[in-house]
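J.: Okay, sequence plus prediction incoming.
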Amino acid sequence: MSYSPKLTKYLPTYRIATVAAGCFWGVEHIYRKTFLGKGLIATEVGYSGGDTANPTYKQVCTSSTNYAEALQIVYDPKVLSYEDILDFFFRIHDPTTLNSQGPDKGTQYRSAIFTQDLEEQNVAEQVKQRFQDTFWSRPIVTDIIPIKNWYDAEDYHQKYLEKNKDGYECPTHFVREKGDK
């Protein structure tokens with residue numbers, strides 16, 4: 001399944017975007033802090049892009065499963081566009097580092113956009129190119145690939161930084177006003 005079972009109740013009224021930008025705690029936290037009440041309806045953190053069924057956090061942390069720590073965002077396209085979600089994505093992490101964000105290293109921390117259809121694929125490619133041309137001077141290494149699977153992360157990971165105010169937050173998750181151009 002390519003959607004969190006917890007989020008399918010929002011379809012087809014709303015849309016779901018799937019992104020990976022390092023540790024999913026910080027990615028979820030910054031999206032919720034910025035867009036909740038402004039088109040963001042719900043979120044779920046989990047794993048996408050790997051090959052084994054029902055991966056656990058412990059397995060994903062070995063970097064041997066090919067899963068990325070990812071975020072699914074339920075959004076109202078009448079209020080918040082897919083392009084806006086991706087614009088924000090390219091500003092809140094460093095998409096030029098391969099399989100890492102700050103001190104977090106491994107394929108589970110890679111930069112990726114998991115698309116549901118050709119329309120999302122095209123928008124993602126266009127936004128990536130725009131950021132490459134205007135924002136980042138180093139090559140953007142973000143994977144843009146069709147989503148093939150999704151597994152919800154364990155419950156204690158959901159809204160982790162809302163529940164654990166002093167929890168670890170990757171220092172690379174902040175909104176950049178300009179890249180390295």
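T.: That came through, no problem. Residues are numbered from 1 along each chain as shown.
J.: Helices of this protein, residue ranges please.
T.: Secondary structure of the chain (DSSP state H): helices at 24-35, 57-60, 82-92, 118-134, 160-163.
J.: Summarise which helices and strands the third one is packed against.
T.: Spelled out, it's helix 82-92. Counting contacts by 3 or more Cβ pairs under 8 Å, 6 or more residues apart in numbering; DSSP states H and E, helix 82-92 packs against strand 15-21, helix 24-35, strand 68-75, helix 118-134. Using the backbone N, CA and C atoms, a C-beta is placed for each residue, glycine as well.
J.: name the helices or strands packed onto the second one?
T.: Right, helix 24-35. strand 15-21, strand 40-48, strand 68-75, helix 82-92, helix 160-163.
J.: Please identify which of the ones you listed is closest to residue 109.
T.: Of all the helices and strands packed on helix 24-35, it is strand 68-75 that lies closest to residue 109, at 6.6 Å by Cβ to Cβ.
J.: What separation is there between residue 119 and residue 95?
T.: 21 Å (Cβ to Cβ, to the nearest Å).
J.: Comparing the two, which residue is more hemmed in?
T.: Between residue 119 and residue 95, residue 95 has the larger neighbour count (other Cβ atoms under 10 Å), namely 27 against 10.
J.: contacting residues for that one?
T.: The contact partners of residue 95, taken as Cβ atoms under 8 Å, 6 or more residues apart in numbering, are 21, 89, 111, 128, 131, 136, 140, 141, 142.
J.: Can you flag the buried ones in those?
T.: Neighbour counting by 16 or more other Cβ atoms under 10 Å classes 21, 89, 111, 128, 131, 136, 140, 142 among the contacts of residue 95 as buried.
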